[in-house]
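1. quick one: sequence and predicted model below, then my questions.
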Amino acid sequence: MAFLMATLVFGVLAFGLWYQKQHPRRIISEGQIRVTSKSAGATAMTLKTRDIEVNGARYSEVEMPNGTWIGCQGDCATAAREAGDEFWKKLERERH
């Protein structure tokens, strides 16, 4: 049973690596947005954005302050606010 599970995990990993090599991400455009936390009186931040293409499909992404790129699904400012609640709280604690 363990061998079967390991084989399955290895197969999925191998397929993912093969697919990524066959269809690499291509950056189409880059930009930036200004985002303010949902809390009142919060500091605004400038975050990088980019549009990428993978196998003919286009996606928008925003770079969080920790360097992680997340999908925007059309609205990068909202995606950054919702994904970064913990970051925004930490930033506010550091300011006070």
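-> Sure, I can see it. For clarity, every value in this text was computed on a predicted model and none was experimentally measured. Numbers count the residues shown, from 1 in each chain.
2. only C-alpha atoms from now on, for both contacts and neighbour counts.
-> Will do.
3. can you name the residues bridging to the residue minimising distance to the centre of the chain?
-> When C-alpha atoms, centre = their mean is applied to the chain, the residue found nearest the centroid is residue 70 (1.2 Å). Listed beta-bridge partners, residue 70: residue 62 (assigned using DSSP bridges).
4. ok, now residue 31?
-> Following DSSP bridges, residue 31 is listed with bridge partners residue 49.
5. just list the residues touching it, thanks.
-> 48, 49, 50 (C-alpha atoms under 8 Å, 6 or more residues apart in numbering).
6. just among the residues you listed, which is most surrounded?
-> residue 49 (22 neighbours; other C-alpha atoms under 10 Å).
7. next, find the distance separating that one from residue 36.
-> Look at residue 49 and residue 36: by C-alpha to C-alpha, to the nearest Å, they are 15 Å apart.
8. pLDDT weak spots in this structure?
-> Residue ranges of the chain with pLDDT under 70: 38-42, 84-96.
9. how about the helices of it, start to end?
-> Using DSSP state H, the helices of the chain run over 2-22, 76-83, 85-95.
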